[in-house]
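> Build the 3D model from these lines:
(one chain, ligands or ions: 2)
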Amino acid sequence: MIRLDGLRKIFPTKNGNVTAVENVNLDIQDGEIFGIIGYSGAGKSTLVRLLNALEKPTEGSVTIAGNNLSKLNNKQLRAARRDISMIFQHFNLLWSRTVRQNIAFPLEVAGIPKAKRRKRVEELIQLVGLEGRGDSYPSQLSGGQKQRVGIARALANNPKVLLCDEATSALDPKTTDAILDLLVDINRKIGLTIVLITHEMHVIRKISHRVAVMENGGVVEQGSVIDIFRNPKQEITKDFVKQVSEIDNTQETARLLAEQFPEGIIVKLTFIGKSAGEPIISKLFKRSNVDVNILEGDVSQTRGDSFGKLYLQLQGNSKAVEDALAFCREQGVETEVISHAEGTVPARRLG
Ligand code: ADP
Ligand code: MG
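Ligands and ions are numbered 1, 2, ... in the order given. Prediction:
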């Protein structure tokens, strides 16, 4: 559906040339949800502007639904642009228009007759779950509802591709999840190809099939989301992966486990690459003087690498417990004591 070949974008500025996008090659399949993640300044928004032909590449090409955008004349380009739609971090709604009128706007621009427009607007309102809000103004809506209007408006003319540039970055976590669920729903229902630009890894993990990691304008790593999570290769990718496993409700898990297992200490082991989970735990059983109880965990193995987390309960005298923790750390596993017998104080974290 989308193919980027040797894509480069250089901006000439007073202080010299800025390379915003550098030799990007990507192939995004029809019906795929493709994530592009990178920190601020990585070149994501420039890439988006190249995708919807708001910028011209300095070198390389963008091909969407078989059309090489650089080779089209103005009329063809306008037609090709109709296949590509976009939603934004700050929604970009028309504030003086109601929900219905906002959604109708691109239909008016496309010259769709009134009766057909009305029908399409109602369909879209239903699709994005805004029933009953058609006559509200944007200022009367929550952030999540505003983004639903943005999505409905973007889908009005049946695009083939939806570009989402930080579309959930202004929303709270719960609303973010609801909007991501909606995108998955739409992706399934109408087979829409979605390009998800973000700096948040949980957004990628929740709904993307594949992901590309951008740094300094280039794609430094790409693959299926599961492979990237199991086996991140670049430092920056490891950072992003870590971001998610740490957010992974650590506090909540700790609280529940501490209630359930009041004896001894509970320790969280984090495996990122290299160290293999099973041998470490079996060695720990054999060599230490603590009772080891596996409480819960989620460790995936790929070709000798492990990724994931494991919660253990360790019981024994404090010297033996310290030795056991030191052993884990020697094996390259991160350890974090999340509760101990006196209560549920996450000692290391507070200390
Ligand atoms: P991101 O969206 O990942 O934060 P951007 O694509 O906005 O990154 O920017 C990538 C780099 O290109 C940044 O260094 C930015 O300053 C530069 N850049 C973006 N647009 C322009 C422009 N119009 N002129 C000059 N430099 C630009
Ligand atoms: Mg940006």
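> all contacts plus neighbour counts: C-alpha atoms, from now on.
Fine.
> wouldn't Asp5 be in contact with Glu22 here?
No. Using Cα atoms under 8 Å, Asp5 makes no contact with Glu22, being 10.8 Å away.
> More neighbours: the two, which one.
Using other Cα atoms under 10 Å, the more surrounded residue of Asp5 and Glu22 is Glu22, with 22 against 16.
> what's the spatially closest residue to Val18 that is not a sequence neighbour in contact with, if anything?
If the residues on either side of it in the chain are set aside, Val18 comes closest to Phe11, at 5.0 Å by Cα to Cα, 6 or more residues apart in numbering. Phe11 is in contact with 17-20, counting by Cα atoms under 8 Å, 6 or more residues apart in numbering.
> Just among those, which is most surrounded?
Taking other Cα under 10 Å as the neighbour criterion, Ala20 ranks highest of the contacts of Phe11 with 20 neighbours.
> what about that residue, is that helix, strand or coil?
The three-state assignment at Ala20 reads strand, by DSSP: H, G, I helix; E, B strand; the rest coil.
> Got the confidence number for it?
Listed pLDDT for Ala20 reads 97.
> Surely it is in contact with Gly43?
Yes. Ala20 is in contact with Gly43 according to Cα under 8 Å; the separation is 5.1 Å.
> that older thread, how about the contacts of Phe11 in TSV, adding distance to Asp185?
Below are these laid out as TSV (distance: Cα to Cα, whole Å):
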residue	distance to Asp185
Asn17	42
Val18	39
Thr19	37
Ala20	33
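> out of the residues you listed, which touch ligand 1?
Counting by Cα under 6 Å from any ligand atom, 18, 20 from the contacts of Phe11 sit close to ligand 1.
> Any figure for the gap between the residue nearest to Val18 and Arg49?
Remark: distance between Phe11 and Arg49 (Cα to Cα, to the nearest Å) = 13 Å.
> Could you do Asn68 as well?
Counting by Cα to Cα - Asn68 and Arg49 are separated by 15 Å.
> One more: Ile125?
Here the criterion is Cα to Cα. By it, Ile125 lies 28 Å from Arg49.
> Who has more neighbours out of these two?
Neighbour tally, Ile125 and Arg49, criterion other Cα under 10 Å: the higher count belongs to Ile125, 22 against 14.
> Does the more buried one belong to a helix, a strand or coil?
At Ile125, secondary structure determined by three-state DSSP is helix.
> how about the nearest residue to it, chain neighbours excluded?
Take Ile125 and drop its neighbours on the chain: the residue closest to it by Cα to Cα, 6+ apart is Glu131, 5.9 Å away.
> Residue numbers of the stretch 1-150 of the chain in contact with ligand 1?
Counting by Cα under 6 Å from any ligand atom, the positions of the stretch 1-150 of the chain adjacent to ligand 1 are 11, 18, 20, 39-46.
> got a winner among those for most neighbours?
Busiest of these [other Cα under 10 Å] is Lys44, holding 27 neighbours.
> which non-adjacent residue is nearest Thr270?
Nearest to Thr270 is Lys309, by Cα to Cα, 6+ apart, at 4.5 Å.
> how about the one you found, what does it touch?
In this structure, Lys309 makes contact with 245, 268-271, 297-299, judged by Cα under 8 Å, 6+ apart.
> Please spell out which residues along the helix or strand containing Asp177 are buried.
Assigned by DSSP states H and E, Asp177 falls within helix 173-190. Buried residues in helix 173-190, defined by neighbour count with 16 or more other Cα atoms under 10 Å: 175-177, 179-180, 182-184, 186-187.
> May I have the beta-bridge partners of the nearest residue to Ile272 once chain neighbours are set aside?
Closest residue to Ile272 apart from its sequence neighbours, by Cα to Cα, 6+ apart: Phe307 at 4.7 Å. Phe307 has these beta-bridge partners by DSSP bridges: Ile272, Ser300.
> again, but for Pro12
Assessed by DSSP bridges, Pro12 has beta-bridge partners Asn17.
> count of neighbours near it?
Using other Cα under 10 Å, Pro12 has 10 other residues around it.
> Got the phi and psi for the residue nearest to Ile125?
With angles defined as degrees, to the nearest 10, Glu131 sits at phi -60, psi 140.
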